[in-house]
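>>> compute the structure for the input listed below.
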Amino acid sequence: MKICGLTRLADAELAAELGAWAVGMVLYERSPRRCSLAVAQEISAALRRRVELCGVFVNAPMPEIVYAADRLGLTLLQLHGDEGPAFCAEAARRTGARVIKALQVGDNGDVREAERFHTDFHLLDARSAKPGHESLRGGTGETFDWGLLARRRSRVPLILSGGLDADNAAEAIARVGPFALDTASGTESAPGLKDPARLRAFFDAVREADPVDPSDPDPDPAPAGSRPAESAVAPAGAKARR
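Alright, predicted model coming up:
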């Protein structure tokens, strides 16, 4: 699982203890879940080599991304704005981090749009139709029609986002079979502040829906959380969807 919107070290440490594959820090000024560079440094220093460290950017200039990636030791870049394929490729080249291209989904055209991006991961989130939410790039607590993903043909591993919590995690896994689930608002008490009980419930729901057989001598290599620095990627739909 990818736990996003973290703004406190204690929340990030709990996510790692529970088995998160990646922790996400939003480095976007307009987000209610913005994480300061100072706190992001604390999280990165504490969790380096334990989880994937993901910086979330929205239309940030390349020098800003490169600076943050170097300062924080980011292993993942989540580009959640209007960045094109060439920009994504250059960000990967200049930082050495793997790239998650995030797109909002409202119809089949949005799913097809993702196929233009030959990044390490695709993250598909809800396109909000609620008044006042149109400009938000995630964290709205809304889901989208997962049925739209039935025609997805891309081999890029899929991270599913948008309104995920303990109540719908099992259904998301059963219907979509993603590489990983991403949660922000579904495990919060307030924007940027995780609720330990909701976070634990989310992990429990995922494990119950998608258990890893302890007798398996070679479980899927990712996203198991124990090998965050490796480049191996489990196929979408593998049983270890942390």
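>>> for this structure, longest strand please?
strand 98-105 (DSSP state E).
>>> sheet partners, orientation included, of that one?
In the sheet, strand 98-105 lines up against strand 76-79 (parallel), strand 121-126 (parallel) (DSSP bridges).
>>> ok, now which ones touch residue 30?
By C-beta atoms under 8 Å, 6 or more residues apart in numbering, the contact set of residue 30 is residue 58. Just so you know, the C-beta spots here come from the backbone N, C-alpha and C atoms, and that holds for glycine as well.
>>> show me the helices in this protein, by range?
Taking DSSP state H as the criterion, the chain carries its helices at 9-18, 37-47, 62-72, 85-95, 108-113, 169-176, 196-209.
>>> for residue 188, find the nearest of those.
Of all the helices of the chain, it is helix 196-209 that lies closest to residue 188, at 7.1 Å by C-beta to C-beta.
>>> pLDDT value on residue 211, please?
The model reports residue 211 with a pLDDT of 72.
>>> any chance of CSV for the helices of the chain, columns mean neighbour count?
Converted to CSV, these look like this (neighbours: other C-beta atoms under 10 Å):
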stretch, mean neighbour count
helix 9-18, 19
helix 37-47, 17
helix 62-72, 16
helix 85-95, 15
helix 108-113, 15
helix 169-176, 18
helix 196-209, 17
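>>> closest to residue 164 out of the strands paired with strand 98-105?
Ranking these by proximity to residue 164 (C-beta to C-beta) places strand 121-126 first, at 10.0 Å.
>>> how far off centre is that closest one?
Relative to its chain's centre, strand 121-126 lies at 8 Å (C-alpha atoms, centre = their mean, to the nearest Å).
>>> any idea of the mean pLDDT for it?
Throughout strand 121-126, pLDDT has a mean value of 97.
>>> and what of stretch 58-75?
Mean predicted confidence for stretch 58-75 is 98.
>>> what sits up against that stretch?
Outside stretch 58-75, the residues that reach it (C-beta under 8 Å, 6+ apart) are 25, 27-28, 30-31, 37, 40-41, 44, 48, 52-55, 57, 77, 80-83, 87, 90-91, 94-98, 137, 228-229.
>>> picking that back up, what angle sits between the longest strand of the chain and helix 85-95?
Computed by axes from the mean of the first three to the mean of the last three C-alpha atoms, to 10 degrees, the angle separating strand 98-105 from helix 85-95 equals 150 degrees.
>>> so where's the protein shaky on pLDDT?
For the chain, the stretches flagged by pLDDT under 70 are 128-140, 212-242.
>>> residue 198: what's it in contact with?
Applying C-beta under 8 Å, 6+ apart, the residues near residue 198 are 165-166, 186-189.
>>> again, 7 Å this time
The contact partners of residue 198, taken as C-beta atoms under 7 Å, 6 or more residues apart in numbering, are 165-166, 187.
>>> narrow those residues to those that are buried.
165-166, 187 (16 or more other C-beta atoms under 10 Å).
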